[in-house]
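Enquirer: Provided below for reference: sequence and predicted model.
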Amino acid sequence: MALRRHIALLACVAHRAEQVCQVFVALGHLLREIIATSGSYYGVTGANTGPVSVPSATLSSPEANGN
């Protein structure tokens, strides 16, 4: 009888773990969707994987040169 209870408990735990996993997968998809669409709010388009560009005026400002 104890073995059946352990098997039933393990089945319950496995089912619960599967549900939790599905929730995390759904949250991951939601987060990816939020990140993909939030760039348009800030005027960014496309993937944000490249290097950051700095305008040349920033590089030659008096503050940057110590003047």
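Expert: Yep, it's here.
Enquirer: what residue ranges in the protein score low on pLDDT?
Expert: Confidence mapping of the chain against pLDDT under 70 gives the ranges 1, 39-67.
Enquirer: Going along the chain, name the helices of it.
Expert: All helices of the chain, identified by DSSP state H, fall at 2-41, 56-59, 62-65.
Enquirer: Make CSV from these and add mean neighbour count to it.
Expert: Any C-beta I mention is one placed from the backbone N, CA and C, and that applies to glycine too. Output for the helices of the chain, formatted as CSV (neighbours: other CB atoms under 10 Å):
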stretch, mean neighbour count
helix 2-41, 10
helix 56-59, 8
helix 62-65, 8
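Enquirer: Keeping just the C-alphas, turn stretch 3-15 into CSV.
Expert: Extracted in CSV, the C-alpha atoms of stretch 3-15 (Å, rounded to 0.1, in the frame of the first residue of the first chain):
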residue,chain,number,x,y,z
LEU,A,3,4.4,1.8,-2.6
ARG,A,4,1.1,2.8,-4.3
ARG,A,5,1.0,6.0,-2.3
HIS,A,6,4.6,6.9,-3.2
ILE,A,7,3.8,6.2,-6.9
ALA,A,8,0.7,8.4,-6.7
LEU,A,9,2.7,11.1,-4.9
LEU,A,10,5.4,11.0,-7.5
ALA,A,11,2.8,11.2,-10.3
CYS,A,12,1.3,14.3,-8.6
VAL,A,13,4.7,15.9,-8.1
ALA,A,14,5.6,15.2,-11.8
HIS,A,15,2.3,16.7,-13.0
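Enquirer: which residues touch it?
Expert: Stretch 3-15 has contacts (CB atoms under 8 Å, 6 or more residues apart in numbering) with no other residue.
Enquirer: Please report how far Ala17 lies from Leu9.
Expert: 12 Å (CB to CB, to the nearest Å).
Enquirer: err, Gln22, not the other one
Expert: Distance of Gln22 to Leu9, computed by CB to CB: 21 Å.
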